[in-house]
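# need a 3D model of the following:
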Amino acid sequence: MIEIDSRFPHRTNVQFLEVLDCWNIRIEIWERGAGYTLDSGSSSTAASVVAYRLGLCDPIITVHMPGGVLAISLSKDFTATMTGPVTRVCDGRMDLEMFKEDIDNENFKF
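Residues are numbered from 1 along each chain as shown. Got it, this is the predicted structure:
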């Protein structure tokens, strides 16, 4: 319901954040156009910045999500470094037809 609320004409991502302690947060994620998401690096980073900026957490935060755990380290200027596992979730091919409009408009570079 939040994603498609009229206040967000282009829809929005939604994260719910729970501060567990000054080093750990838990988040739930709803991504615009994709729905419920088990984990997300960008959502983890955004939630960590909010928790740190509000003074609820230290600058090194472990983010717990249903799909896994990431570590986010933040500098005083809010530069973020993410550390965590990488897992291949699919393998496939993309046909150049998918980029036909860009190719026709000469915006496509190999």
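# contacts and neighbour counts: CA atoms only from here.
Fine.
# all helices of this structure, in order?
Remark: helices assigned in the chain by DSSP state H are 41-53, 100-104.
# give me the number of residues near I25?
22 (other C-alpha atoms under 10 Å).
# how much space separates the closest residue in space to it that isn't next to it in sequence from D95?
In space, and not counting its chain neighbours, I25 is closest to V19: 4.5 Å by C-alpha to C-alpha, 6 or more residues apart in numbering. Distance from V19 to D95, counting by C-alpha to C-alpha, to the nearest Å: 44 Å.
# tell me the contacts of the residue lying closest to L20 once chain neighbours are set aside?
Ranked by C-alpha to C-alpha, 6+ apart and with sequence neighbours excluded, the top spatial neighbour of L20 is R26, at 6.9 Å. With contact set as C-alpha atoms under 8 Å, 6 or more residues apart in numbering, R26 has these partners: L17, E18, V19, L20, V63, H64, M65.
# out of V19 and D95, which sits in the busier spot?
Shown here are V19 and D95; by other C-alpha under 10 Å, V19 has more neighbours (16 against 7).
# right, and the more buried one touches L56 too?
Yes. With contact defined as C-alpha atoms under 8 Å, V19 reaches L56; the gap is 7.3 Å.
# just for the protein, where's the confidence low?
102-110 (pLDDT under 70).
# bridging residues for V63?
I25, L70 (DSSP bridges).
# now for it: which residues touch it?
Applying C-alpha under 8 Å, 6+ apart, the residues contacting V63 are N24, I25, R26, I27, S44, S48, V69, L70, A71, I72.
# for the first one, give me its contacts.
For N24, the set of contacting residues under the criterion of C-alpha under 8 Å, 6+ apart consists of C57, I61, T62, V63, H64.
# at 6 Å what do you get?
Residues near N24 by C-alpha atoms under 6 Å, 6 or more residues apart in numbering: I61, T62, V63.
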